[in-house]
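> build me a model from this:
(one chain, ligands or ions: 1)
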Amino acid sequence: MKLLAINIETSYDVEDALSYYATEDLHALGTEERRRSDFEQAGWLHDSTIVDMDDIPNLPKELEFIAYFDEEQDKDNLVKKFQAKLDELAGYGLSTGEGTIKTSYIADQDWNTVWQKYYHVINLSRHLAIVPEWEDYTPAFPDQEIIKLDPGLAFGTGNHQTTQLAMLGIERAMVKPLSVVDVGTGSGILAIAAYKLGAKSVLGTDISDESMTAAKENAGLNGFYDLALQKTSLLADVDGKFDLIVANILAEILLDLIPQLDSHLNDDGQVIFSGIDYLQLPKIEAALDQNGFKIDLKMKGGRWIGLAISRKEDE
Ligand SMILES: C[S@@+](CC[C@H](N)C(=O)[O-])C[C@H]1O[C@@H](n2cnc3c(N)ncnc32)[C@H](O)[C@@H]1O
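Model (predicted):
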């Protein structure tokens, strides 16, 4: 079965009125609202997940209102009715934004399989490829490591530039088997990458329950049954020292992590940071310097910065 979708680019003012009209008067099968403000706030409200506004397709100026109808319904008549409603609402002095109305027919299918269409193999480097659970992939080199992932569960599909910068940093650092802690492991992708690249041991930490479940499942998909997991904030309650500390988290949170690095880092240890918006870099540089660290390498992807860090030699 197909659905008739009517998309209206409009304003927050008329959201409730349109939703009521579509459901009660026109008997829409369903409605959906895409608010620009939700996308803008998502990164800060929910567990510090990074949202890059440039990456969001068809981001509305304010509100995109979508009403779904049976495909048999008279499309032109519905458009006329919505147009008349917008005019009526504007007549009350409400803002109706752009007020453009578009229609399309979409297959009414399982949304899980729809988004799977957009998630494919990421051939990250000579040594690493990220492969969705449902895809087959033959590496170009026999020793290219494959990370199998079911990304539906937590942040860390591998698609985000910050994840990729962190992975490249791990690959560069792993010149011998290292003990690794992945702070803010999310889906576990960086912990799994470290394991595939030959880490001696890996601990993944995160503050979210979803991450603990997802990281365990994804590690299992990769035959990595020794992944240690700890639900905790940053490193304060983590025991031991590591050769490599990895963290892909927003800069505001990395600032809290920086003073905890020294007591958790072995001699000659290294740190990989990602998730730093370039505008926040000066604050991170200053905090690293004050805490006895130096930046050995800066990597850039879009507006995101990744850093390879070590102790200053004379300290
Ligand atoms: C941007 S995601 C990174 C996920 C994955 N490591 C990757 O690189 O794709 C940040 C992760 O940090 C976690 N996080 C946020 N604040 C944290 C904190 N204070 N301590 C530990 N983890 C935290 C979030 O729950 C989220 O899973």
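> strands of the stretch 151-300 of the chain, start to end?
179-183, 201-206, 228-231, 242-248, 265-277, 293-301 (DSSP state E, counting those that start in this stretch).
> now the ones you listed as JSON lines including mean pLDDT and distance to residue 59?
(Each C-beta comes from the backbone N, C-alpha and C, glycine too.) Converted to JSON lines, the strands of the stretch 151-300 of the chain look like this (pLDDT from 0 to 100; distance: least, CB to CB, whole Å):
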{"stretch": "strand 179-183", "mean pLDDT": "98", "distance to residue 59": "30"}
{"stretch": "strand 201-206", "mean pLDDT": "98", "distance to residue 59": "28"}
{"stretch": "strand 228-231", "mean pLDDT": "98", "distance to residue 59": "33"}
{"stretch": "strand 242-248", "mean pLDDT": "98", "distance to residue 59": "23"}
{"stretch": "strand 265-277", "mean pLDDT": "96", "distance to residue 59": "18"}
{"stretch": "strand 293-301", "mean pLDDT": "96", "distance to residue 59": "20"}
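> who wins for proximity to the ligand among the ones you listed?
Judged by CB to the nearest ligand atom, the one of the strands of the stretch 151-300 of the chain that comes nearest to the ligand is strand 242-248, at 3.5 Å.
> returning to that earlier point: want to try CSV for the strands of the stretch 151-300 of the chain, with mean neighbour count and distance to residue 17 as columns?
Formatted as CSV, the strands of the stretch 151-300 of the chain follow (neighbours: other CB atoms under 10 Å; distance: least, CB to CB, whole Å):
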stretch, mean neighbour count, distance to residue 17
strand 179-183, 26, 46
strand 201-206, 24, 41
strand 228-231, 15, 44
strand 242-248, 25, 42
strand 265-277, 21, 37
strand 293-301, 16, 42
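> just put those strands in CSV and tack on distance to the ligand.
Listed next are these as CSV, based on distance: least, CB to the nearest ligand atom, whole Å:
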stretch, distance to the ligand
strand 179-183, 6
strand 201-206, 4
strand 228-231, 9
strand 242-248, 4
strand 265-277, 5
strand 293-301, 12
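> just checking, residue 193 touches residue 149?
No: judged on CB atoms under 8 Å, residue 193 makes no contact with residue 149 at a distance of 10.4 Å.
> between those two, who's got more neighbours?
A count of neighbours by other CB atoms under 10 Å puts residue 193 above the other of residue 193 and residue 149, at 30 against 25.
> how close does that one sit to residue 297?
17 Å (CB to CB, to the nearest Å).
> residue 161 too?
In terms of CB to CB, residue 161 sits 16 Å off from residue 297.
> read off the pLDDT value for residue 49.
pLDDT for residue 49: 53.
> just put the strands of the stretch 151-300 of the chain in TSV and tack on distance to residue 157.
Formatted as TSV, those follow (distance: least, CB to CB, whole Å):
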stretch	distance to residue 157
strand 179-183	16
strand 201-206	16
strand 228-231	19
strand 242-248	13
strand 265-277	15
strand 293-301	15
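> out of those, which gets nearest to residue 105?
strand 293-301 (36.8 Å; CB to CB).
> what lines up beside the next helix or strand after the closest one in the sheet?
Next along the chain after strand 293-301, taking DSSP states H and E as the criterion, comes strand 304-311. Applying DSSP bridges, strand 304-311 is found paired with strand 265-277 (antiparallel), strand 293-301 (antiparallel).
> what about those strands, which gets the closest to residue 124?
Short answer: strand 293-301, nearest of these by CB to CB, at 11.6 Å.
> run through this structure and note the low-pLDDT ranges.
1, 39-56, 108-119, 151-155, 314-315 (pLDDT under 70).
> how is it divided into domains?
Listed domain ranges for the chain are 2-117, 160-311 (source: the TED database).
> out of those, which is the most enclosed?
domain 160-311 (a mean of 20; mean count of other CB atoms under 10 Å).
> quick one: end-to-end distance for that one.
28 Å (CA to CA, to the nearest Å).
> about what we covered before: nearest to residue 97, out of the strands of the stretch 151-300 of the chain?
Short answer: strand 265-277, nearest of the strands of the stretch 151-300 of the chain by CB to CB, at 28.7 Å.
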